[in-house]
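Asker: Got a sequence here, can you build the structure:
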Amino acid sequence: MKQSIVTLDMEGVLTPEIWIAVARATGIERLRLTTRDVPDYDVLMRGRLAVLEEHELTLSEIQSVIGRLHPLPGALEFLRELRSFTQVIILSDTFEQFAQPLLRQLEWPTLFCHQLRVENDRILDYQLRIPNQKRATVDALRSLNYRVIAAGDSYNDMAMLAAADAGILFRPPAKLRSDYPAFPAVRDHAGLIRMIRKAYDGV
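Answerer: Below you'll find the model as predicted:
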């Protein structure tokens, strides 16, 4: 019998959407766009970088907003229960420079994410860890003889879910649910842990 491992998106599943929080704190509405709205990640990030430059928003200012955020209600308890019976990797399109305060509150789960290029506190560019890292990581885990169970909430999670042995949508927007009806969807962490346990047990 294969060992199982779970891969999770971070924002929208375990934590609030960081860019939406920054938009609220700064009043810059264009920063509210996420991968739920713009499936092409490079288009989304180029737009964000342009907005940051236009408004002269610094990394420190963004980190100050992130430092006031907390995991979603129930996320830590969900993660504790999940890690009690299986290994978990967080696969996120966030950045090392953003994630640390939230990881601390989630008791330091393993995170694979990207990096920002920063000079003098200005975010100049971003660097992907690898292209299509979510799908590539699932493919790599399966090549190591793992059975992969994946959960996410956005368009940029769909390649991960499709590559996994079992893929689950967590609180997806209506359009995403409509576009991918083959994937089961859950509305809360209790439902997600039940669905993961079923997949883990091979039910």
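
Asker: Name the residues of stretch 127-147 that are buried.
Answerer: Q133, K134, R135, A136, T137, V138, D139, L141, R142, Y146, R147 (16 or more other C-beta atoms under 10 Å). In this view, the C-beta of every residue, glycine as well, is placed from N, C-alpha and C.

Asker: Closest one to I20 out of those, please.
Answerer: K134 (20.2 Å; C-beta to C-beta).

Asker: hang on, the earlier thing: out of the buried residues of stretch 127-147, which two sit at the greatest distance?
Answerer: Q133 and R147 (19.9 Å).

Asker: Looking at the buried residues of stretch 127-147, which one is closest to T15?
Answerer: Closest to T15, out of all of these and judged by C-beta to C-beta, is K134, at 16.4 Å.

Asker: how close does the closest one get to T26?
Answerer: Look at K134 and T26: by C-beta to C-beta, to the nearest Å, they are 28 Å apart.

Asker: Also E53?
Answerer: Per C-beta to C-beta, E53 is found 14 Å from T26.

Asker: what does Q100 give?
Answerer: Taking C-beta to C-beta, one finds Q100 at 21 Å from T26.

Asker: How about N145?
Answerer: Here the criterion is C-beta to C-beta. By it, N145 lies 46 Å from T26.

Asker: Please name the spatially closest residue to D121 (chain neighbours excluded).
Answerer: T58 (4.4 Å; C-beta to C-beta, 6 or more residues apart in numbering).
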